[in-house]
Every structure is written in structure tokens, then in C-alpha cells.
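Asks: After the sequence you'll find the predicted model.
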Amino acid sequence: MAGGFIFEKTIDSAFQGGTDKSLIIDPNYAYQVPFTFGTGWSDIKIGMFVSYVMTGVGVDAQGNAVNGNSGVPHGSIFSAGGTSTDTFNYVGITRSSATNSLPLSPDNSGYLGLQADRLHVYDTAVDGYNKLIHSDESSDSEGDARFIATNSTTTLEAKEFRDTNGNFNVVAGNAATFEAADSSPERTSGFCDYWGMRFQVIDKGLATQRIRFTASINGDASTVNDQSFVNTISDPSLAALKLLMNGVGEFSYKIGSQNMHSSSTFSLGFDWNDGSSAYELPDSLFFYNAFQDLRPRIHTWAVKKIS
């Protein structure tokens, strides 16, 4: 398919018969998928199993993407540029339009999600590394991205998305330079991680309409949000993803300062209005890869309509 490949990977034989198929997104391509329920929601949760691999051109003799299972060395630093809309990575939800486009483009109908331009892949238990980060928010070791709400070229609101708020852990290191106790996209176990995103609408349909975001990870309150093997995923099945999305083995950053809105109350969220009326809600998953030398692999994803 244009802009991506379906990659078949050998995994632990205990899961899915020992094989897994994932979607690899090429540089400067987006994966946008509409929800079956459109804008008819007030509370949704998205879950994904994700890893990252090197770029490559075409397929091998077996029809698999070149470098589709190749991680990158310890210490690698990647930059997408961060100077224009197409040189940032985006992961979140968007509103479909006649011409689908990147966030902050004139014809974009709205986006809410992560914006980041850098990644430092590092074999360490320090949870600030191995995160998608925004250069204006963070150093390479602090793990802070930016979370933005936009409509057309206007940024409605922006906040830091810190590792302590659940910023997504990136599994990208190769097996040769990462310790056996740590995850790698090349391994048959511990080769991806869980990214959880919950979006809850406040004052739906009113001029004060807002959307509250809460991130979640695989683990519990004592789990460090890093690339240690114990924190990552070996079973990439939809059944395993559903369990996490339903709260089994999942930790949600929803309490007090753990949440990027810095409040346990439900009243705070990202503006989703023009000051006099509410904007139409997002109706699609959106994942854009701005890196030229790195590609995300989506092993499984799902959206759950809660209300």
C-alpha cells in the first residue's frame, strides 16, 4: 500500500501461532481511520500496541518490508525537523474533511493529540528517554512532548505532555545494543508497548465545550514508564489489547498532577470551541510519521465508545 507496508513478524509461539502482522508507516505518511460511530460520542478510549523500526525501501524476497524488524542502536537521536507542520509527528484524533490534511493546515477541520519532533533511543531505566518529545518543551532526556488542540491554522490550546503524565514509551532499540532485560522491536517477546488514550467531552455542544485527555500505560502505580522488558508487550492480540483497555493490568494517569490538566476534577480539558459555539467532535484516529529514518509499527489498535 502507498505509504506503508504490512509486516509479518515471528513472535513467541504462545501467541497468535507465533506470527504477528503489523502496519509500518513510511516517512511523511499518515494513517487516518474513521470511527464507525463518527462524531456520536462523549467518552472514548483508544488503545494501541506500537513499536518503531528503521526505514527501508521496498520489500525482500519474502514480500516483507525491508528493515521491518530492524531496531536502531543505543544512543540514536532522531529529529524530524520541527520547523513546519509536516516536520512534526502527530498521534491523536482528528476531524475528517473533504481534503484530509495535517494538523494546523488551512483545510484541517480539527486535531487533538500529541505533537513531537525528536526521539532519543537509550538503553536506560530513566523514563525520560525513549519518548516522542517536542524540542520546545523538553531536552532529549526529559521525555516531554506537546499536546495540542487545533482548528485549521489556529492552536486552541497546548500543554506539555510529560513522561510523568504518561507520554508514550517507544520501543525502538536493537537487540545488539540493548540488554536482554530490555525490550526491542527485533525480539520475539517484549517487542512493542501499549499506548492508551482516553478522550472525554465536557459541556458537549455548548460554547464552553472541552475535551479532557488521559493517558494510560501497561503496568500499575509503581511501574516506571520505560522500556524495561517487564513493562512491554509480548502478546499483540486484540484480546490482550481489550483487556488493557478495560483496565486489566493498566495504569491511568488521571489523578491530580499525574494528569496533564493537573486536577482530579472533571471540569478541565482542552478547548474545543470558537468562543461562541462548539466545534464538531473528532471522528478519526490519526497517526502521522514525520521521521525520515524511523518508522512506527502499529501491531493492533482499537477504539472503545464508552458513552
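Replies: Noted; the coordinates are in hand.
Asks: who touches the residue of the chain most remote from its centre in this structure?
Replies: Distance from the C-alpha centroid of the chain, by CA atoms, centre = their mean, peaks at residue 276 (31.4 Å). Applying CB atoms under 8 Å, 6 or more residues apart in numbering to residue 276 gives the contacts residue 207. Bear in mind the C-beta positions are built from the backbone N, C-alpha and C, glycine included.
Asks: and what of residue 9?
Replies: 19, 20, 21, 22, 68, 69, 191.
Asks: Could you rerun that using 7 Å?
Replies: Contacts for residue 9 (CB atoms under 7 Å, 6 or more residues apart in numbering) come out as 19, 20, 22, 69.
Asks: ok, now residue 167?
Replies: For residue 167, the contacting residues are 131, 143, 144, 145, 161, by CB under 7 Å, 6+ apart.
Asks: Kindly indicate which of those residues lies nearest residue 183.
Replies: Using CB to CB, the shortest approach to residue 183 within these belongs to residue 131, at 13.9 Å.
Asks: contacting residues for the closest residue to that closest one other than its chain neighbours?
Replies: Nearest residue to residue 131, sequence neighbours excluded (CB to CB, 6 or more residues apart in numbering): residue 143, at 3.9 Å. Residue 143 is in contact with 127, 128, 129, 131, 133, 162, 163, 167, counting by CB under 7 Å, 6+ apart.
Asks: My understanding was that the fifth one contacts residue 115; is that so?
Replies: No: counting by CB atoms under 7 Å, no contact exists between residue 133 and residue 115, whose distance comes to 10.2 Å.
Asks: Mutual contacts of the two, please.
Replies: Contact with both residue 133 and residue 115 is made by residues residue 145, according to CB under 7 Å, 6+ apart.
Asks: contacting residues for the residue nearest to residue 191 when sequence neighbours are not counted?
Replies: With sequence-adjacent residues excluded and distances taken as CB to CB, 6+ apart, residue 191 is closest to residue 185, at 5.2 Å. Residues near residue 185 by CB under 7 Å, 6+ apart: 51, 52, 53, 69, 71, 171, 172, 191, 192, 297.
Asks: and the first one, what are its bridge partners?
Replies: When bridges are assigned using DSSP bridges, the partners listed for residue 51 are residue 297.
Asks: Tell me which residues touch it, please.
Replies: Residues in contact with residue 51 (CB under 7 Å, 6+ apart) are 171, 172, 185, 191, 192, 297.
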